[in-house]
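A.B. asks: Sequence unavailable; structure follows:
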């Protein structure tokens, strides 16, 4: 699976410090995720998926999911840790 971080921004939510948005692509499907980070950890994740193929020449709509694939959860946990370390060092210097 290929993961691509699209954006990092300060979170409008009072509990989370950062909001990250990205896409993960597998052979037959794509996952769009938005995660809120709190103290170098993933607090909340919203995730949707769709097939990577076209139906009648059109892209298929994103559908919300309740389950987060293990590989994506691991990636988000690692990313949250790295982002937390990066901004912690910048803020403290």
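C.D. replies: Happy to help now that I have it. Treat the numbers as computed from the prediction; the structure is a model and nothing was measured.
A.B. asks: center of this protein - which residue?
C.D. replies: Geometric centre of the chain, nearest residue: residue 33, 3.8 Å, by C-alpha atoms, centre = their mean.
A.B. asks: Now do the contacts for it.
C.D. replies: Taking C-beta atoms under 8 Å, 6 or more residues apart in numbering, we find residue 33 in contact with 21-24, 45-48, 68, 72, 76. C-beta coordinates here come from the backbone N, C-alpha and C atoms, glycine included.
A.B. asks: Try it again at 10 Å.
C.D. replies: Counting by C-beta atoms under 10 Å, 6 or more residues apart in numbering, residue 33 makes contact with 3, 5-6, 20-24, 42, 45-49, 65, 68-69, 72-73, 75-76.
A.B. asks: do residue 88 as well
C.D. replies: Neighbouring residues of residue 88 by C-beta under 10 Å, 6+ apart: 39-40.
A.B. asks: what does residue 83 give?
C.D. replies: Counting by C-beta under 10 Å, 6+ apart, residue 83 makes contact with 5, 8, 17-18, 20, 35, 37, 40.
A.B. asks: The helix or strand it falls within: how far from the chain's middle?
C.D. replies: Assigned by DSSP states H and E, residue 83 belongs to helix 70-92. Taking C-alpha atoms, centre = their mean, to the nearest Å, the mean C-alpha location of helix 70-92 is offset from the chain mean by 11 Å.
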